[in-house]
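*Asks:* sequence plus the predicted model coming up.
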Amino acid sequence: MPHGTTCNGELPATMCESYCHTTGHVSSNTADGRGTSSSARRGVHRLHAIAVRPRRRGAQGKGGGAGLPAACVSGEFRAFAAGKSSPVTGWLRALARLAHGECGGPGVGTTGMCFTGNFALTMMLERSMLAPVLCQPSLPPDDPAGLEISADELAAVRGRLDRDGLTALAYRFEGDRFCTAQRFAAYAEALGDPFVGRVLPDNADTPPFFSPYIACPHSVVTVHLIDEAGQPTIAARDEILAFFATRLRDQHEE
């Protein structure tokens, strides 16, 4: 699921216990939290927002890409189907709607990463969604230029972005073999100016625990984030936080 659906307000404990975690930090790309920097956690705290991380069945306690094989063949996902949307995105839109109802505020933002990267875009079919961020969207893995969203839903998302004056941020590393330049070009063609794609240089090392699954720079704001001033990944993180702050903050807030 997208890591870090955020909204203003407070989230009831019953909702957290039922199907999500609430955290004050950027949720990691790995289930055990490796790769989440302390500066990222501090950054989300500054937003005064609630972060919701949907639970992935069977994924708790599995790091890196250990849970991907099961997800690829799950009926909730369309991992190898370009031009089709995963059924789970309907549940995620319902979660955003519920979170917004519980939290209040202008709306909801979400960050999709890797396997779930494009889910952030499909969630724009929910009117409470205001700030979609696609980090290294990697589906479908067998079609470098493929988009994991149906043609009619893609057209509906484009229409909403244009009508409401919204944008979709997206990030990838230049040499990422899983989220390619062809895919970003396909997004740009389908969405036009509302698609804001950022390409970062390949200057991050891959940690040993992650390299058996993905050996190239890939996870922009988690595993491959370099927590040092002036680094492109820190600039990306700060841009995402500013994007959320702009879209999700009540106008009367200072």
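*Replies:* Yep, it's here.
*Asks:* just the element for L134, please.
*Replies:* strand 129-135 (DSSP states H and E).
*Asks:* and for S85?
*Replies:* S85 belongs to no helix or strand when assigned by DSSP H and E.
*Asks:* equivalent analysis for A204, please.
*Replies:* Per DSSP H and E, there is no helix or strand for A204.
*Asks:* OK, contacts around it?
*Replies:* Residues in contact with A204 (Cβ atoms under 8 Å, 6 or more residues apart in numbering) are F173, P217, H224, L225, I226, T233. (Each C-beta comes from the backbone N, C-alpha and C, glycine too.)
*Asks:* at 7 Å what do you get?
*Replies:* Contact analysis of A204 by Cβ atoms under 7 Å, 6 or more residues apart in numbering lists P217, H224, I226, T233.
*Asks:* got a PyMOL select line for the buried ones in those residues?
*Replies:* PyMOL command restricting those to the buried ones, with burial defined by 16 or more other Cβ atoms under 10 Å:
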select buried, resi 217+224+233
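*Asks:* in TSV, list the contacts of A204 along with secondary structure.
*Replies:* As requested, these are arranged in TSV below (DSSP: H, G, I helix; E, B strand; the rest coil):
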residue	secondary structure
P217	coil
H224	coil
I226	coil
T233	helix
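*Asks:* ok, the contacts of A204 vs D164, which is closest?
*Replies:* T233 (29.3 Å; Cβ to Cβ).
*Asks:* partner strands of the strand holding L134, with direction?
*Replies:* Strand 129-135 has the following sheet partners, assigned by DSSP bridges: strand 108-113 (parallel), strand 168-173 (parallel).
*Asks:* indicate which one of these is closest to A145.
*Replies:* Among these, strand 168-173 comes nearest to A145, with 13.4 Å by Cβ to Cβ.
*Asks:* give me the contact list for the closest one.
*Replies:* With contact meaning Cβ under 7 Å, 6+ apart, strand 168-173 is reached by 121, 132-136, 161, 179, 184, 187, 191, 194-200, 202, 217-218, 220, 236, 240, 243.
*Asks:* show me what counts as buried in stretch 153-169.
*Replies:* Quick answer for stretch 153-169 (16+ other Cβ under 10 Å): E153, L154, V157, R158, R160, L161, L166, A168, L169.
*Asks:* I'd say E153 and T122 touch.
*Replies:* Yes: E153 sits in contact with T122 when judged by Cβ atoms under 7 Å, with a separation of 6.1 Å.
*Asks:* overlap in contacts of these two?
*Replies:* Taking Cβ under 7 Å, 6+ apart as the criterion, E153 and T122 both touch S85.
*Asks:* let me see the ranges of the strands in the stretch 151-254 of the chain.
*Replies:* Listed in chain order, the strands of the stretch 151-254 of the chain (DSSP state E, counting those that start in this stretch) span 168-173, 195-200.
*Asks:* and among the ones you listed, the most buried is which?
*Replies:* Highest mean neighbour count among the strands of the stretch 151-254 of the chain (mean count of other Cβ atoms under 10 Å): strand 168-173, with a mean of 24.
*Asks:* and I234, what does it touch?
*Replies:* Counting by Cβ under 7 Å, 6+ apart, the residues that I234 touches are I226, D227, E228.
*Asks:* pLDDT weak spots in this structure?
*Replies:* Scanning the chain for pLDDT under 70 picks out 1-46, 55-84, 209, 250-254.
*Asks:* great, nothing more from me.
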